[in-house]
Structure formats: C-alpha cells, structure tokens
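Asker: Pasted the sequence and its predicted model underneath.
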Amino acid sequence: MSELQLVKTKDSTEQFSITTTPQEEKEDPYLVKFDGIDDKEDASRLSRLHKWTIVGIISIGSVCVTCISSSVALAMPHIMEHFHVSHEVAVLNISFFILGLGTGGCFLSPISEFHGRRIVYIGGLATMIAFEFLTAFSNNIGGVIFGRFMSGFFGSSYMSVASGSFADLFKANKQAGKDANKELTLAMVLYSVAPFLGPSLGSLISGFINTSLDFRWTFYVFIIWSGVLLLAVILFVPETYEPINLRRKARRLRKATGDDKYYAPIDKLERNLFATVLTSCQRPMLLLFKDNMTALLNLYTGFTLAVVYLFFVAFPYIFSTVYNFSLSEQGLSFLGLVVGMVSTCLISPYFIDKGYVALLKRNNGVGKPEFRFVPLCVGAFIVPAGLFIIAWTSYPHVHWIAPIIGSAVYGSGTILVFNSIFAYTVEAYRLYAASAMATNSFTRSVMSCVFPLFGLQMYKGMGIQWATSLLAFFACILIPIPFLFFKYGETLRSKSPYTWNVD
C-alpha cells in the first residue's frame, strides 16, 4: 500500500516522501503520481528562472524576519522616552520577538505537512504583518511587546519550511539530473546567509531611521517590506510540496474524467495535525533533558548566538560612550559582524568539504559524524579571539575600526560553530534530526532572549573591557568540547538512545 514516509531535508526539517511498491503502482491505476505525463502540478519541473525567483523571495523573506528581530535596538532610547519605561522593559521588544521566532516553528512547520508550504508562507506572513501593525500603532507598551512576540511567532514560518521548499524545487529527476543536487546545495548556501545577515542588518537600518525620523518608522519600514514580500509570495511562489500537488492532480483528474476513484497517497494519510504538533513539541524536550551531547552542543550554539544579540545592546553603549558615535554611526558599527558572517558563509563550505574529504581518505573512505567537528575546532578559538579583540581595543586612543574588526572575527567564528554543529546534528541524529534541530533552535532562542536583558547592566557595572572579557573567558571554557567529542564522540553516541551509530 502507498504511504507517506517521513524524511529529513538538508536542514532536517521533516517532510513526507511518497513511497509506493512496484506491485501497487502496476495494480492500482487510480493511484496518482508524477510520471512525466501531464504533470502540471509538479514544482520540480518549473523553469530554472522561476525556481531561483522562489529561492530569492524566500531568502529575502528570512532576511526581513531576522532584521525585524533586532530593528528596535537603536529605537530603544525613543521607546523609553515615549512610553516612560525603563531600559529593561524596552529590551523586552527584542527578547520576546526572539522567543516567538524560536517557538513558532514547532507549531507552524507541521501545518505544511497537511496543507502545504504556500499556506504557511502566506498565512504566517499575513498574520505577522497584522501584529506588526499592532506594534506600530499601539499606545501601550504591553501591546507593543505582545505584537513583537506574535510577529516573531508567525514570522518563523520562513525559518521552518524554507529548506523543504528548496528540496521540493530541486528534486532529482530525469529532467534535472545531477544538476539538481548542485542547485539545492547552492540554494541552501544562499539561504544559510540570511538568518545571520538579518540581525546585524536590522540594527544598521534602525540606526539610519532613528537618526532623522520618528521611532515608529522603524516599524513602518518593515511593514512595507513585509507587505511587498507578501505580494511577491502570492504572485510568484506556487505550492511546491509534492503530496499536496499530487492531491491537486487527483482532484483535476476526477473533475476531468468524472471518475471519483483517482486518489493521491496523502488522501490515505491516517495522521492528524494535533498529534503531529504534539510530537514536534514533545520530542525536542526529551532530547534536551535526556541526551548530554545535545545539551552541550545546544549550550555552545546558544551562547554563541546569544552574544550576537547581546551586541545589539552592547555596541550602541560601546560606540556611543567610547567613540561618541551618532545613532546612524552606531548602526554602521554592525558592519563588522555582517562582513565576517557573510564572507565566512560564502567561503567556508569549500574548505569544510575539503577537510571532510581528507579525513575520509585517512579513514579508508568510512565517514563519521565526528569529522564534522573540524570547523568547530577552528571556530572554538576564533570566537574568544574576536571577543578579546573587542574588549581590549575599545579605548578612545585606539581607532574605532579595531573593535569592528574584532566583531568581524567573532562573526566568522560564529558561522564556523553553527555550520559544524548543524552538520554533525543532522548526521549523528539521523532518525531524530528534526527534533534535535528543534531543540537547538529552542535553546538558542531562550538564551538569545535572556542575554540582552542583563547586557547593559553588565557593561555598566563591569566596564566594557571586563564585561566582554567575561564572555571571552566563558567561550574559552567551551574550547575543549569539540576536541573531546572528536575523540570520544563515537563512544558517547553508542550510549545515546537517540543518535545513530555506525555499528
């Protein structure tokens, strides 16, 4: 009997793959499938231009959502003055958006398994815009913060199903051949830049807006951007999820032939949305509390990204007090992070693959998930190095470019840490990879939510140099983790009920 088999995409989001037995395909003429004949609904057969237009729209959407997360960083002085609230309350506008962004995927991603990608993109983005209006026009700080949380929750639609859409578009078939895998890899590289580029770019844009306009234009600008994106999705992004498109083909055939016997595999699906959402929320928590490897890797990525979000509080303080930067110049101080992250995202895949192949040759062609830790072993030193540069060059007599270079170094280390841990997680937790990644996302979101809340107090109390050094010292404590996992990872995996073991 035909069934929908759960498989993992390149970033380990779950999606269904249609599996049928040869006997069934031969015996059941009413089972609808894509066979190269009259496949109007098959998204993998769209033109190359249309496919890359879709990739571009989804990637830009991810940049927009992550931009919004940090967009209020340089609007906080105005928010504090307008609503008569403390700095801690104003920072909640950053923290709650991040929390929403991290938790929304658990609820929105399963919807795509039953109703397709397009409805998640359009519904998520439209609802996000609605809550952006609440944020922009509310005269109550509680309403603004609630609007920020819900905007992040529904904006996570772009983060939760994007890779599934790319896998749909660049699915290998006779027409696409081997080029499909190459294009999928290129699409994922392009998309992987977006979540890291967005937060830094959001602060940069916010700096220019809040220099000469009312702080509410911080929200208006992103409402306009989101609205243009929604229109682009409606016009240019069709449904790409194969089970849903097969259902549409079955409906078309039933209407054209008048025969109601035609059906798609998803029509026989016995799962329900509630059970899927429950599983997507429950298993990540079990992984977090019952698997020590997961906990440590989550701590590493959580700390690394949380420091990035702490910078949205720390950088305005550093560059305004030490270098007397204006708001727009404070926004430009995030260019170092942008350059470091984007350049490493684009360059590192080549060197990472090269290092992995070298380790494969040394191990007689037998791969191990631990080989993925090589970039992390490098990034483990780069992350604290970048923090120490920021810490001990932030003096009036040292040129302002020095701490910005330090932030670029830190940004580069961040990408190496994330790429390595994500690749290891997908390979080591094969069966539970989606849950492991959801756990990682949740941990990162909680830590990134908390760090900005105490960042300014820490910098004022300890001083710029020692506050940043404290972060660097903690990063140094984490250095042994990749080396220990590289050496003993296989043994640790054999004791875990969740990881995949080569034996």
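Answerer: Here it is on my side, so go on. What you see is a predicted model; the values in this text were computed from it and never measured.
Asker: can you tell me how far Leu387 sits from Ile464?
Answerer: Counting by CB to CB, to the nearest Å, the separation of Leu387 from Ile464 is 12 Å. No exception for glycine: its C-beta is placed from N, CA and C like everyone else's.
Asker: Between those two, which has more neighbouring residues?
Answerer: Taking other CB atoms under 10 Å, Leu387 and Ile464 do not tie; Leu387 has more neighbours (25 against 20).
Asker: The more buried one touches Pro403, doesn't it?
Answerer: No: counting by CB atoms under 8 Å, Pro403 is not a contact partner of Leu387; they are 10.3 Å apart.
Asker: what residues go with each domain of the chain?
Answerer: 44-240, 283-503 (automatic domain parsing).
Asker: what is the mean pLDDT for the first one?
Answerer: So the one you mean is domain 44-240. If you average the pLDDT over domain 44-240, you get 87.
Asker: Look up how far Trp225 lies from Ile60.
Answerer: Distance from Ile60 to Trp225, by CB to CB: 9 Å.
Asker: now the strands for the stretch 251-400 of the chain?
Answerer: In the stretch 251-400 of the chain, no strands are defined using DSSP state E, counting those that start in this stretch.
Asker: how close does the residue nearest to Trp392 when sequence neighbours are not counted sit to Gly302?
Answerer: Residue nearest to Trp392 in three dimensions, not counting chain neighbours: Gln465, with 6.1 Å by CB to CB, 6 or more residues apart in numbering. Going from Gln465 to Gly302 by CB to CB gives 24 Å.
Asker: In terms of neighbours, single out the busier of those two.
Answerer: Gly302 (21 against 16).
Asker: So for that one, what's the pLDDT?
Answerer: pLDDT, Gly302: 91.
Asker: which residue packs closest to it, ignoring adjacent ones?
Answerer: Using CB to CB, 6+ apart, the closest residue to Gly302 is Met447 (3.8 Å).
Asker: And for Leu230, the neighbour number?
Answerer: Neighbours around Leu230, by other CB under 10 Å: 18.
Asker: pLDDT wise, what is Leu360 at?
Answerer: Looking at Leu360, its pLDDT stands at 75.
Asker: and it, what is it in contact with?
Answerer: 366-367, 371 (CB atoms under 8 Å, 6 or more residues apart in numbering).
Asker: State the phi and psi torsions of Val85.
Answerer: Main-chain dihedrals, Val85, degrees, to the nearest 10: phi -120, psi 170.
Asker: List the residues that contact it.
Answerer: 79, 141.
Asker: got it, and the one 3 residues further on?
Answerer: Residues in contact with Glu88, defined by CB under 8 Å, 6+ apart, are Leu453.
Asker: can you start the count at 362 instead of 1 from here on
Answerer: All set: I'll call the first residue 362, so the last point we hit is now Glu449.
Asker: For it, pull up the helix or strand it's in.
Answerer: helix 448-476 (DSSP states H and E).
Asker: List the buried residues in that helix.
Answerer: 450-475 (16 or more other CB atoms under 10 Å).
Asker: Please apply the same query to stretch 701-721.
Answerer: Neighbour counts over stretch 701-721 (16+ other CB under 10 Å) mark 701-703, 705-706, 709-710, 713, 716-717, 720 as buried.
Asker: Could you do stretch 518-537 as well?
Answerer: Neighbour-count burial for stretch 518-537 flags 518-532, 537 (criterion: 16+ other CB under 10 Å).
Asker: again with stretch 721-735
Answerer: For stretch 721-735, the buried set under the neighbour-count rule, 16+ other CB under 10 Å, comprises 729-735.
Asker: Quick check: of those residues, which lies closest to Ile840?
Answerer: Closest approach between these and Ile840, by CB to CB: Phe734, at 12.2 Å.
Asker: ok, now how distant is the closest residue to Gly513 other than its chain neighbours from Ser806?
Answerer: Leaving aside its sequence neighbours, Gly513 sits nearest to Gly461 (CB to CB, 6+ apart; 2.9 Å). Counting by CB to CB, the gap from Gly461 to Ser806 is 8 Å.
Asker: What of Lys616?
Answerer: For Lys616 relative to Ser806 (CB to CB), the value is 45 Å.
Asker: Touching, Ile502 and Val452? I think so.
Answerer: No: the pair Ile502 / Val452 is not scored as a contact, 11.8 Å apart, by CB under 8 Å.
Asker: tally of neighbours for Val669?
Answerer: 21.
Asker: contacting residues for it?
Answerer: Val669 makes contacts with 560-561, 698, 772, 775, 809, as judged by CB under 8 Å, 6+ apart.
Asker: before we move on, what about Gly485?
Answerer: If a contact means CB under 8 Å, 6+ apart, then Gly485 has 465, 469, 515-519 as its contacts.
Asker: So it versus Val433, what's the distance?
Answerer: Applying CB to CB to Gly485 and Val433 gives a distance of 21 Å.
Asker: can you tell me which residues contact Ala497?
Answerer: Contacts for Ala497 (CB under 8 Å, 6+ apart) come out as 577, 580-581, 584.
Asker: rerun at 10 Å
Answerer: 505, 508, 577-584 (CB atoms under 10 Å, 6 or more residues apart in numbering).
Asker: CSV please, covering those residues and showing secondary structure and neighbour count.
Answerer: Converted to CSV, these look like this (DSSP: H, G, I helix; E, B strand; the rest coil; neighbours: other CB atoms under 10 Å):
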residue, secondary structure, neighbour count
Val505, helix, 25
Gly508, helix, 24
Arg577, coil, 16
Trp578, helix, 17
Thr579, helix, 24
Phe580, helix, 25
Tyr581, helix, 16
Val582, helix, 19
Phe583, helix, 25
Ile584, helix, 18
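Asker: can you tell me which of those lies nearest to Val759?
Answerer: Looking across the contacts of Ala497 and measuring by CB to CB, the closest to Val759 is Thr579, at 31.2 Å.
Asker: Quick check: which element contains Gly417?
Answerer: Counting by DSSP H and E, Gly417 is part of helix 409-431.
Asker: same question, Tyr849
Answerer: helix 841-855.
Asker: And the contacts of that helix?
Answerer: By CB under 10 Å, 6+ apart, the list of residues contacting helix 841-855 reads 652-654, 657-658, 660-661, 720, 729-741, 778, 781-782, 785, 789-790, 860-864.
Asker: Show me these that map onto helices.
Answerer: Residues of the contacts of helix 841-855 located in helices (DSSP state H): 653-654, 657-658, 660-661, 720, 735-741, 778, 781-782, 785, 789.
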